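A.B. asks: I would like to see how this sequence folds:
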Amino acid sequence: MAKLVYLYGLIPTEEAIKDAVPSFRGLDEQNEVYTIQLNEITAVVCDLDADTYSEESIKEKMNNDMEWLQGKALHHHEALLALQKQYTVIPMKFCTIYKSENSLIETIEDHQKKITNSFTQLAGNEEWNLKIYCDHSKLKDFISGHNSLIEEKKEEISKLSPGRQFFEKRKIDQLADQELEKEINKTCEQIHEELAKFSLHDSIKKNWGKDVTGKQFDMCWNSVYLIPADTVDEFLEEIKKRKNELAETGWKFEASGPWPAYHFASLT
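C.D. replies: Modelled structure (predicted):
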């Protein structure tokens, strides 16, 4: 029976020798996970049936079977979380599949220096994510009462006739929207700058819509940080401080981690 090789991630061989990779069922829930050692690099893999997990079959499943997709993606993520607790891991994206062991070995050999450099970069460090949400209505109300430009505009309008005031108040609302956008961008960028001081590397990601987050409020910031393990507490304390400072004006913070270093390491 033809087989494919599914790659979860790469770990340093010296770590794999000291602490053997635990046995668990692979993506197909039948074959056991095993390792392929190549000098300083050890690949954590499992075998898959070539027909069941062909490129065409996987595409069909991804497009038409959400339950399958969610279950398999969760398996992949949980496997990496378990590995991360014991090893320095370069995590692979879900459904990283090779046609043979030789094909996988060739790829590792082609990128051996980058892989070992990534091990050095990741060792002793953790990936953390910060998502910031904002109640626009609450923050807008606060800005309307504490913004000098809006206060000046209100003062101007108060001297106009009632008829003129009615139309000019629309301009205040438009100005408040503009100032709201500025305040959101300024606050998020300032927080990011403060948190980046704790990190070795950081990256700003695309915001998710409410249909993805399931949250009541809009996401206005999404960033990831690679942080030395011994400074994580300070990093989280800084987030807690900002959370307490801004809670009354509609800000919500969601820090999570440590995660497999999806954003700071890859095979290619």
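A.B. asks: tell me what the host helix or strand of residue 240 is packed against?
C.D. replies: When elements are assigned from DSSP states H and E, residue 240 belongs to helix 232-246. Helices and strands touching helix 232-246, by 3 or more Cβ pairs under 8 Å, 6 or more residues apart in numbering; DSSP states H and E, are strand 125-134, helix 162-196, strand 251-259. Placement of C-beta: from N, CA and C, glycine included.
A.B. asks: most packed of these?
C.D. replies: strand 125-134 (a mean of 22; mean count of other Cβ atoms under 10 Å).
A.B. asks: which parts of the very next helix or strand once past it are buried?
C.D. replies: Next in sequence after strand 125-134, counting helices and strands by DSSP H and E, comes helix 136-146. The neighbour-count check on helix 136-146 (16 or more other Cβ atoms under 10 Å) flags 136, 139, 140, 142, 143, 144 as buried.
A.B. asks: before we move on, the earlier item: ranking the helices and strands packed on helix 232-246 by mean pLDDT, which is last?
C.D. replies: In terms of average pLDDT, helix 162-196 trails the rest of the helices and strands packed on helix 232-246, at a mean of 80.
A.B. asks: average pLDDT for the helix holding residue 240?
C.D. replies: 96.
A.B. asks: and that helix with helix 136-146, angle?
C.D. replies: Inter-element angle recorded for helix 232-246 and helix 136-146: 60 degrees (by axes from the mean of the first three to the mean of the last three Cα atoms, to 10 degrees).
A.B. asks: quick check: buried residues in helix 232-246?
C.D. replies: For helix 232-246, the neighbour count (16+ other Cβ under 10 Å) marks 232, 235, 236, 238, 239, 242, 243, 246 as buried.
A.B. asks: C-alpha coordinates for that helix, PDB please?
C.D. replies: Only the C-alpha atoms of helix 232-246 are listed here, as PDB (Å, rounded to 0.1, in the frame of the first residue of the first chain):
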ATOM      1  CA  VAL A 232       7.000  36.500  30.000                       C
ATOM      2  CA  ASP A 233       5.700  37.500  33.500                       C
ATOM      3  CA  GLU A 234       6.700  41.200  32.900                       C
ATOM      4  CA  PHE A 235       5.100  41.100  29.400                       C
ATOM      5  CA  LEU A 236       1.800  39.900  30.800                       C
ATOM      6  CA  GLU A 237       2.000  42.300  33.700                       C
ATOM      7  CA  GLU A 238       2.300  45.200  31.200                       C
ATOM      8  CA  ILE A 239      -0.800  44.000  29.400                       C
ATOM      9  CA  LYS A 240      -2.700  43.700  32.700                       C
ATOM     10  CA  LYS A 241      -1.700  47.200  33.600                       C
ATOM     11  CA  ARG A 242      -2.900  48.600  30.300                       C
ATOM     12  CA  LYS A 243      -6.100  46.500  30.600                       C
ATOM     13  CA  ASN A 244      -6.900  48.100  34.000                       C
ATOM     14  CA  GLU A 245      -6.100  51.600  32.800                       C
ATOM     15  CA  LEU A 246      -8.300  51.400  29.800                       C
END
